[in-house]
Structures are given as structure tokens and as C-alpha cells.
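Sharing a model prediction with you, sequence too.
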Amino acid sequence: MNACNQKNNREPAMQLAEDEVRQALHGLADDGLAGAAREAEGRVTKYEHRMQEVFNFTRGESAVICVLLLRGPQTPGELRGRTERMHRFEELEDVLGALQKLMQREPALAMALPRQPGTKEIRYAHLLSGPVEAQAPAPPRSEVSRSNAEDRLQQLEREVEELRQEIAELRAELTEMKSRWEGA
């Protein structure tokens, strides 16, 4: 459940309850795709995926499909860097070879998405959840931060202007009250 609800490096980000995770595990177990870990010991049941055995994946294909499942559509360069802990691809062509094998399966398990305007690389997506609609990639974190900072600055500027107007109105009222008091 903790892994499912992890906030970073996940696409989509989720907030699952224990019952939802348990139901998903039972569904995967029914399909032979997951089950209790064979060598797990301890008080808590641990689970493992069995995709590699069910689909007869190579280690590279397994790593690519796992990262696509966790992080959404990726470029081959992103996949190469993000699969490093599961499988080390020597060359970018090795990643492309694993993607090609996934796309040539029947039914296909991955697809190349149409190139988005302003991007130079094609992104790839998994098809384990059905067909994928091409989406514009999320803006880089630096652009999001800059955009958020600009929005926040504009909001602060509006608030400062409103406060200046309030102060001016209060000064006018105070001046009027002062002149009335002195005149009485």
C-alpha cells in the first residue's frame, strides 16, 4: 500500500486504501501475475510480481514494462536511466530493442506515441490497461515551479494593491474623523 501511494515517481499518483490493494492483489493472483512471496518470512505477508514468468519477459523487457507502469509514457533515454536498478542497458539501442519486442507481441504490450509539438523524442507507453491516448507530457518541474512562482507573485501584487487602497481609505476616514473632533 505504501508503494502504491508513493507521491513521487508515480503516474498516475494514487491514494489507495488497504481493501483496494488487497482486491487488486487477488485479481492479479487470479491471473497468475502476482502472489505471496515464495521465500518471505515475517509477520506480514509480502507479495511479488510474476509478470516475467507469465509473459516470458527478458530482464530488459521486464524492467521497461515496470517503469512504464510506474511512471507513465517515457522516452528511450528516460527508460534507460530509470531501469538501471532492475536491468542495465548498455546502449540506447538495447532499450529500443526491448520496446520493439514488447510492441511486436500479440497482443502488443507497448506502443510509440505520436511525437508531441515541441518535443524531439518519441515517448512509449504500456498497453496493459488498454489503448493509450496521446497526451502532452507534463511540463518539467522547473517550468511548473516558475509558473507557480509567477502566479504567486501576481497574487501577492494584487493583495498589496488592495491593502494600499484600504490604507488610503482608512487615512481618509481618520482625517475626516480628526477634523470633526477638532471642530467640535
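Received it, and whenever you're ready, just let me know what you need. Numbers count the residues shown, from 1 in each chain.

what's stretch 117-135 in contact with?
Outside stretch 117-135, the residues that touch it by CB atoms under 8 Å, 6 or more residues apart in numbering are 65, 68-69, 72-77, 79, 99, 102, 107-116, 137. C-beta here means a position set from N, CA and C on the backbone, and glycine is covered the same way.

Could you list the buried residues of it?
123-127, 132 (16 or more other CB atoms under 10 Å).

same deal with stretch 24-36?
In stretch 24-36, counting by 16+ other CB under 10 Å, buried: 25, 28, 33-34.

Dig out what the spatially closest residue to Leu68 that is not a sequence neighbour forms beta bridges with.
Nearest residue to Leu68, sequence neighbours excluded (CB to CB, 6 or more residues apart in numbering): His126, at 4.0 Å. Under DSSP bridges, the beta-bridge partners of His126 are Ala110.

re the thing from before, what subset of the contacts of stretch 117-135 is buried?
Buried, going by 16+ other CB under 10 Å: 65, 68-69, 72-76, 79, 99, 102, 109-111, 137, out of the contacts of stretch 117-135.

among the residues you listed, which are in strands?
110-111 (DSSP state E).

For Phe89, see how far away the residue lying closest to Leu92 once chain neighbours are set aside is.
Nearest non-adjacent residue to Leu92, counting by CB to CB, 6+ apart: Pro76, 5.5 Å away. To Phe89, Pro76 is 9 Å away according to CB to CB, to the nearest Å.

I'd guessed Tyr71 sits against Leu79; true?
Residue 71: Arg, not Tyr. No - assessed by CB atoms under 8 Å, Arg71 is found out of contact with Leu79, at 9.1 Å.

Which residue ranges of the protein form helices?
Assigned helices in the chain, in chain order: 18-30, 51-55, 59-71, 76-82, 92-104, 141-183 (criterion: DSSP state H).

most tightly surrounded among these?
helix 59-71 (a mean of 21; mean count of other CB atoms under 10 Å).

chain center to it, what's the gap?
Averaging C-alpha positions (CA atoms, centre = their mean, to the nearest Å) puts helix 59-71 15 Å from its chain's average.

Compute the inter-axis angle for that helix and helix 92-104.
Angle, helix 59-71 to helix 92-104, by axes from the mean of the first three to the mean of the last three CA atoms, to 10 degrees: 80 degrees.

Just the pLDDT for the residue nearest to Leu92.
Model confidence at Pro76, given as pLDDT, is 95.
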